[in-house]
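Peer 1: Need the 3D shape of this:
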Amino acid sequence: MTGITGIAKAHTEYLFFHTKKRREIVPITAQLEEIVGRSGIRDGFCFVSAMHITAAIYVNDLENGLIADIEEWLEKLAPARPDYRHHRTGEDNADAHLKALLLHHEVTLPVTEGRLDLGTWQQIFYAEFDGQRRKRVIVKLLGVA
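Peer 2: So this is what the prediction gives:
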């Protein structure tokens, strides 16, 4: 085991999304890798959080069949329907809130030797459940340079 040496550093950037559809799953691994590279952090953590309560960030496999399965699973667990109590407030996105809860709004990823330290098939996704408007994601890195 070796000790971590270097200069402590923090780096923050934002990703912005304006999806064409109300529900969309967007791979963001390449964008995150670019941000990690710009940060200069060699060893630490990359925190990624959707800054909206109807969106999520998650880690899984980038395989079209699995993505379709995830979308179908979410729709079964939190179907779009008109009878949610939340809709009595004038909103129509209760299912989007529930879907986001199922996938979570944030992930923390390891950074090793200046790169995201992901497993063989791991990719990072932004999941939008109430889109067609501008949304943002914070990417915050903490570590040593």
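
Peer 1: ok, the spatially most central residue of the chain - contacts?
Peer 2: Residue closest to the average C-alpha location in the chain (CA atoms, centre = their mean): Ile57, at 2.1 Å. Contacts for Ile57 (CB atoms under 8 Å, 6 or more residues apart in numbering) come out as 28, 48-50, 103-107, 124-127, 137. Backbone N, C-alpha and C define where each C-beta goes, glycine included.

Peer 1: now do His52
Peer 2: By CB under 8 Å, 6+ apart, His52 lies in contact with Asp130, Lys135, Arg136.

Peer 1: and what of Asn60?
Peer 2: Leu66, Ile70, Gln122, Gln123, Phe125.

Peer 1: I'd guessed the last one sits against Ile28; true?
Peer 2: I take that to be Phe125. Yes. At 6.5 Å, Phe125 counts as touching Ile28 under the criterion of CB atoms under 8 Å.

Peer 1: Which of those two has more residues huddled nearby?
Peer 2: Between Phe125 and Ile28, counting by other CB atoms under 10 Å, Phe125 is the more crowded of the two (22 against 18).
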